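In: sequence first, predicted model second:
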Amino acid sequence: DAGVIQSPRHEVTEMGQEVTLRCKPISGHNSLFWYRQTMMRGLELLIYFNNNVPIDDSGMPEDRFSAKMPNASFSTLKIQPSEPRDSAVYFCASSRDVGEQYFGPGTRLTVT
Amino acid sequence: AQSVSQHNHHVILSEAASLELGCNYSYGGTVNLFWYVQYPGQHLQLLLKYFSGDPLVKGIKGFEAEFIKSKFSFNLRKPSVQWSDTAEYFCAVNGYTGNQFYFGTGTSLTVIP
């Protein structure tokens, strides 16, 4: 099993640009989670999906952030427009029902 | 609402010292409990988990954790730490009311050779 796949691994963009982060969960997992990690705020849950349906997006910082899961094997997290304070490592994780979460390698986003 | 508390934010130990990291959660129902480790520059990896059965759980790399239901605790232990254990450790809880995980704020462990 390849594990959770995220792309890109690193993204450097200028303020105001649109950023799209991608995630492929482990096959057979029915829950998908997006997290953001910074030194200041630690690990924050942004949104999670169950069976491709967004269940809780209360962690999404603001309207500039949006997430989709069009099918069981793909999800995107989009930031438009991006701001320097969005710089962080974004992790995607997946799980089967109430089992443990498996994390992807993360996307390190730098907004200048 | 569920929450997870990790009391130690930063721990510094010498090699061969014993380790215990505290984790308390607030949830009245059945829970699954986890400890994750994040090595510098890497993603979170599962150390161990408790779903049911023996409350003393053994994980990878010599780590263990004990679930004490009456204290709502799930402390992580290792009898003798190594320099390679330097990492961030996260406790997490998953209740049966939904599929959301609740992570603690993490404990940074530095092991001095």
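Out: Noted; the coordinates are in hand.

In: how many other residues sit next to residue 71?
Out: Assuming you mean chain A. A total of 8 residues lie near A:N71 under the criterion other CB atoms under 10 Å in any protein chain shown. Using the backbone N, CA and C atoms, a C-beta is placed for each residue, glycine as well.

In: hmm, no, I was thinking of chain B.
Out: 10.

In: contacts only, for it.
Out: Each residue near B:K71 by CB atoms under 8 Å, 6 or more residues apart in numbering or on different chains is listed here: B:N24.

In: could you report the pLDDT at it?
Out: Turning to B:K71, the model gives it a pLDDT of 93.

In: equivalent analysis for A:T76, please.
Out: Here the pLDDT value assigned to A:T76 is 98.

In: does it touch A:T20 like I think?
Out: Yes: taking CB atoms under 8 Å as the definition, A:T76 is a contact partner of A:T20 at 5.6 Å.

In: quick check: neighbours shared by the two?
Out: With CB under 8 Å, 6+ apart applied, the contact sets of A:T76 and A:T20 do not overlap.

In: tell me, how many residues neighbour the residue in chain A positioned nearest to chain B?
Out: Proximity of chain A to chain B (CB to the nearest CB) peaks at A:F103, 4.4 Å away. A:F103 has 22 neighbours, counted by other CB under 10 Å.

In: who's it bridged to?
Out: A:A93 (DSSP bridges).

In: give the contact list for it.
Out: Under the criterion of CB under 8 Å, 6+ apart, the contact partners of A:F103 comprise A:4, A:91-93, B:36, B:43-45.

In: check contacts around the nearest residue to B:Y39 once chain neighbours are set aside.
Out: The shortest distance from B:Y39 to any non-neighbouring residue, by CB to CB, 6 or more residues apart in numbering or on different chains, is to B:A87 (4.7 Å). Listed by CB under 8 Å, 6+ apart, the contact set of B:A87 reads B:37-40, B:108-109.

In: nearest to chain A among the residues you listed?
Out: For those, the nearest to chain A is B:Q38 (8.6 Å; CB to the nearest CB).

In: wait, the closest one sits on B:T86?
Out: No: under the criterion of CB under 8 Å, B:Q38 is not in contact with B:T86, lying 10.9 Å apart.

In: nearest residue to the residue nearest in space to the middle of chain A in space, please, no chain neighbours.
Out: In chain A, the C-alpha nearest the mean C-alpha coordinate belongs to A:W34, at 3.5 Å (CA atoms, centre = their mean). In space, A:W34 comes closest to A:L46 once its chain neighbours are excluded; the distance is 4.4 Å by CB to CB, 6+ apart.

In: how far does the helix or strand where the one you found lies sit from its chain's centre?
Out: Assigned by DSSP states H and E, A:L46 belongs to strand A:42-50. Its chain's average C-alpha position is 8 Å from that of strand A:42-50, according to CA atoms, centre = their mean, to the nearest Å.

In: beyond that strand, next helix or strand please.
Out: Heading C-terminal from strand A:42-50, the first helix or strand you meet, by DSSP H and E, is strand A:53-56.

In: got the buried residues for stretch A:73-87?
Out: Of the residues in stretch A:73-87, those buried under the neighbour-count criterion (16 or more other CB atoms under 10 Å in any protein chain shown) are A:75, A:77, A:79, A:82, A:86-87.
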